[in-house]
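K.L.:
give the three-dimensional model of this entry:
(chains A and B)
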Amino acid sequence: MTATVSPVLVLALAAAIFAVGLVGVLVRRNLFFVLMSLEIMLNAAGVAFVAAGAMRSQPDGQVMFLFIVTMAAAEVALGLALVLQLYRQLHTLDSDAAGEMKG
Amino acid sequence: MKGGPWAGLLMFIPALPLLGFLLLALGVGRRSRWLVTAVGVGSVALSALLATELGLLFGYLNPARANVDVDWGSWLSVGDFRPTFGLYLDALSLAMVLVITVIGLLILVYSSRYMAEDPGYRRFFAYMNLFVGSMLVLVLADNLLALYLGWEGVGLCSYLLIGFWYQDPANSRAAIKAFLVTRVGDAALAVGIALLFTQFHTLQISELLRRAPEVWPVGAPLAVAAAALLLAGAVAKSAQLPLQTWLPDAMAGPTPVSALIHAATMVTAGVYLIARMHALFLLAPTVLALVAVIGAVTLLLAGCAALVQRDLKRVLAYSTMSQVGYMFVALGVGAWGAAIFHLVTHACFKSLLFLAAGVVIASLGEERDLFRMGGLRRSLPVAFGTFVVGGLSLAAFPLITAGYFSKDLILYSAWTSPQGSVWLWGAGVVGALLTSLYIFRVIFLVFFGAQKRQPERVGGLALEVPLLILAALAVAAGWAKGPLTAWLATALPPVAGATPASEMGLSAIATVVSLAGMALAALLYFRLPARVALWAQSSGPEVVRRLWRAGWGFDWLYDRVFVRPVVWLARVNRGDVFDDGFRAAAEAVELASRILRRTQTGRLRWYAAGVALGAILLVALMVVRP
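P.N.:
Purely as a prediction, here's the structure:
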């Protein structure tokens, strides 16, 4: 028998994961950790979709999760390429070092 | 075209010098000085010939002595403002035309030698021709607008020729000063002309003079205003108080320019204007009285200033001012004919004095200081002889010189005219004393005593012939007193209601006074030089001398009252107060941009926080508002 978990709890979990990711993006200066935090935020969004789909007994939530996984793969590929370029230019992974567009 | 067979000739008189100017300005004679002389002198010579012929025609063939009117249609048309380009010839303008062309011709002949070595030879003759043409337009115009055109034209040429040697900044400053000071009067004149137009809807001079007495009673406020505005124009042009300060500085120009523009013709344009508009001035007795007072005060102040100048040409400049003051006195007492007669004789003897002074100055290598000259009567006999003739005429040496007859007529009118008074007459007599004193001071200082420097030989027929002719005119013009005044009376009414007085008695007093002036000058120079030297060192006379040498300190006063406040205001308002509003708007935008720029830190995490904050706000909005 399946034990039912309250969707509210799942959504709360998603929010918590999202918050962790967001804090990671905001406080970490190392671009690798920023990318990882972004992944965490995407996963939080995925959990929220799945929970929402389960609440309405519709598969759309899981379809959206598959999209998110695909998009995350693409994003990581692009993000890593950018990080690599940045490291070649600046010889550091510190995001604050890339401040040339300061007004 | 109407007005008889000479109407066709008339247009050529102003047209020829203007054509000469055009040719020279467009580059004729760029390579050959001979061609410049031919065009520059030739055009004025033809004008002078035509003017002489016209004078003969006018005098003998026209028994009615009617006015000649030539009209070539209008040159602009705004509403009912349709000024024509017409010429008008009567005894007054013919006298002026003869003075301008004949004396102008003599001065140009003189210049062809005097300016021969100047690199700006062609430019000089172009300006001079433009001047002669403009002056002829001024005196021949039949309407006030064309007169104003000539009026501004001569002002422009005066500016150009004072600053002819523009490489020296002092000359340019003198030119600008002359231009600005006369501009004050020109503005008043323009307003006066506009006022007359609003009242009469025409600028035809004859029409104005005919209708003004019909419309305005004597002393009408508008008539007084119009006359006062015209007077302001005349005062500035003729270097009378209080706008006289430009004339002494105008001596920065070449000497022939001083002779033609600043002695013979342009400075007398104000006298011509008042004589031409005499019917208007008769309607404004207060303004007419003011004319006489201005003339009397100017002739005295300028006479005193001329006594102490060190610069030969400045003596002559103050003398011109003083003599034009005599003309204003004559105008002020209604003796129009006497004023024009003095204008004619003054043109002869003053241009003679200037040209002779030019020879002296050139022979000493542009030396103008009287106290570095001396004993030149043997080495420069022609200049000496002609200068003495001119000086005698200026000092009104009795019975043989032209100046005697014309000044005598003015003094007689000042005494007998109903507008005259013993004060005006007395000022004229004191002025006569000053005149003979200052001109003989110059003669003694320049030509007598020990020779301080050996003059170079300057000369040649081109210099000497005009001097001799002018010397003859400076004597002979007086013999024409009877016919000339009778002839001028055809255009200008005689003094009305004069109380007869003993002409012999008045004349005797004036003669004695002017002879006394000469004697006093001789006494001081030959018998009492030690006394003069004593005065020169004591402090009391020193103050007076410095005041007079500075022309009574008018320059100082105007500098304090007008120049400095204006310069101060300009410096304060350098950024234009009206721009401040626009500048404030621009500064507000710039301030906002400086604040907003702070948000562009270039830090990725800062931007990410912004995005997160925005997202949170949006979500919050969705949550709070159902």
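K.L.:
residue contacts, residue B:429?
P.N.:
Neighbouring residues of residue B:429 by Cβ atoms under 8 Å, 6 or more residues apart in numbering or on different chains: B:411, B:509, B:510, B:513. C-beta: built from backbone N, CA, C; applies to glycine.
K.L.:
please, a ChimeraX command that selects the buried ones among those?
P.N.:
A single ChimeraX command suffices to select whichever of the contacts of residue B:429 are buried according to 16 or more other Cβ atoms under 10 Å in any protein chain shown:
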select /B:411,510,513
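K.L.:
out of the contacts of residue B:429, which is nearest to chain A?
P.N.:
The closest of these to chain A turns out to be residue B:411 (Cβ to the nearest Cβ; 87.2 Å).
K.L.:
re earlier: now go through the contacts of residue B:429 and say which are in helices.
P.N.:
With helices taken from DSSP state H, the overlap with these comprises B:411, B:509, B:510, B:513.
K.L.:
my read: the third one touches residue B:411, true?
P.N.:
This points to residue B:510. Yes: if you go by Cβ atoms under 8 Å, residue B:510 and residue B:411 touch, sitting 5.3 Å apart.
K.L.:
what residues are shared contacts of the two?
P.N.:
Joint contacts of residue B:510 and residue B:411 (Cβ under 8 Å, 6+ apart) are B:428, B:429, B:432.
K.L.:
so can I have CSV of those residues showing secondary structure?
P.N.:
Shown next, in CSV, are the shared contacts of residue B:510 and residue B:411 (DSSP: H, G, I helix; E, B strand; the rest coil):
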residue, secondary structure
B:428, helix
B:429, helix
B:432, helix
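K.L.:
strands along the stretch 151-300 of chain B, start to end?
P.N.:
Here the stretch 151-300 of chain B has no strands by DSSP state E, counting those that start in this stretch.
K.L.:
low pLDDT regions in it?
P.N.:
Counting by pLDDT under 70, the stretch 151-300 of chain B contains no low-confidence residues.
K.L.:
on the three-state scheme, residue A:5 is what?
P.N.:
coil.
K.L.:
now the one 3 residues further on
P.N.:
Under three-state DSSP, residue A:8 falls in the helix class.
K.L.:
and it, what pLDDT?
P.N.:
Residue A:8 is assigned 85 on the pLDDT scale.
K.L.:
for it, the count of nearby residues, please.
P.N.:
10 (other Cβ atoms under 10 Å in any protein chain shown).
K.L.:
next one: residue B:32
P.N.:
Residue B:32: 11 neighbours (other Cβ under 10 Å).
K.L.:
contacting residues for it?
P.N.:
Contact criterion Cβ under 8 Å, 6+ apart gives no residues in contact with residue B:32.
K.L.:
for it, phi and psi?
P.N.:
Main-chain dihedrals, residue B:32, degrees, to the nearest 10: phi -120, psi 120.
K.L.:
what do you get for residue B:421?
P.N.:
phi -160, psi 170.
K.L.:
what residues of the longest helix along chain A count as buried?
P.N.:
When chain A is parsed with DSSP H, its longest helix is helix A:60-90. Neighbour counts over helix A:60-90 (16+ other Cβ under 10 Å) mark A:61, A:64, A:65, A:68, A:72, A:79, A:83, A:86 as buried.
K.L.:
any idea which of those is closest to chain B?
P.N.:
Of the buried residues of helix A:60-90, the one sitting nearest to chain B (Cβ to the nearest Cβ) turns out to be residue A:86, at 10.3 Å.
K.L.:
against chain A, how distant is residue B:85?
P.N.:
Plainly put, residue B:85 is 68 Å away from chain A if you go by Cβ to the nearest Cβ, to the nearest Å.
K.L.:
ok, residue B:254 next?
P.N.:
Distance from residue B:254 to chain A, by Cβ to the nearest Cβ: 66 Å.
K.L.:
contacts only, for that residue.
P.N.:
Residue B:254 sits next to B:111, B:114, B:115, B:118, B:124, B:161, B:164, B:165 when contact means Cβ under 8 Å, 6+ apart.
K.L.:
quick one: buried ones out of those residues?
P.N.:
B:111, B:114, B:115, B:124, B:161, B:164, B:165.
K.L.:
right, and residue B:53 touches residue B:13 too?
P.N.:
No: counting by Cβ under 8 Å, residue B:53 sits too far from residue B:13 to count as a contact (10.1 Å).
K.L.:
of these two, who's got more company?
P.N.:
Remark: of residue B:53 and residue B:13, residue B:13 carries more neighbours, 26 against 12, as counted by other Cβ under 10 Å.
K.L.:
how much space between that one and residue B:272?
P.N.:
Using Cβ to Cβ, to the nearest Å, residue B:13 is found at 16 Å from residue B:272.
K.L.:
where in the chain is pLDDT low?
P.N.:
This is for chain A. Scanning chain A for pLDDT under 70 picks out A:1-3, A:103.
K.L.:
I was after chain B.
P.N.:
Looking at chain B by pLDDT under 70, you get B:1-7, B:60-75, B:79, B:497-498, B:501-502, B:536, B:539-540, B:626.
K.L.:
and the strands in it?
P.N.:
Remark: strands assigned in chain B by DSSP state E are B:68-74, B:84-89.
K.L.:
buried set for stretch B:515-525?
P.N.:
Under the neighbour-count criterion of 16+ other Cβ under 10 Å, stretch B:515-525 has B:515, B:517, B:518, B:520, B:521, B:524, B:525 buried.
K.L.:
then stretch B:298-310?
P.N.:
So stretch B:298-310, judged by 16+ other Cβ under 10 Å, has buried residues B:298, B:299, B:300, B:301, B:302, B:303, B:304, B:305, B:306, B:307, B:308, B:309.
K.L.:
now, which of these lie within helices?
P.N.:
Among these, DSSP H puts B:298, B:299, B:300, B:301, B:302, B:303, B:304, B:305, B:306, B:307, B:308 in helices.
K.L.:
just send those residues back as JSON lines, with distance to chain A too.
P.N.:
Converted to JSON lines, these look like this (distance: Cβ to the nearest Cβ, whole Å):
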{"residue": "B:298", "distance to chain A": "71"}
{"residue": "B:299", "distance to chain A": "76"}
{"residue": "B:300", "distance to chain A": "76"}
{"residue": "B:301", "distance to chain A": "71"}
{"residue": "B:302", "distance to chain A": "72"}
{"residue": "B:303", "distance to chain A": "77"}
{"residue": "B:304", "distance to chain A": "75"}
{"residue": "B:305", "distance to chain A": "70"}
{"residue": "B:306", "distance to chain A": "74"}
{"residue": "B:307", "distance to chain A": "77"}
{"residue": "B:308", "distance to chain A": "73"}
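K.L.:
which residue does the stretch 51-200 of chain B bring closest to chain A?
P.N.:
Chain A sits closest to residue B:169 of the stretch 51-200 of chain B, with a gap of 51.1 Å, by Cβ to the nearest Cβ.
K.L.:
what about that residue, neighbour count?
P.N.:
For residue B:169, the neighbour count with other Cβ under 10 Å is 9.
K.L.:
the one 4 residues further on now?
P.N.:
Using other Cβ under 10 Å, residue B:173 has 14 neighbouring residues.
K.L.:
ok, now residue B:291?
P.N.:
Applying other Cβ under 10 Å, we find 30 residues neighbouring residue B:291.
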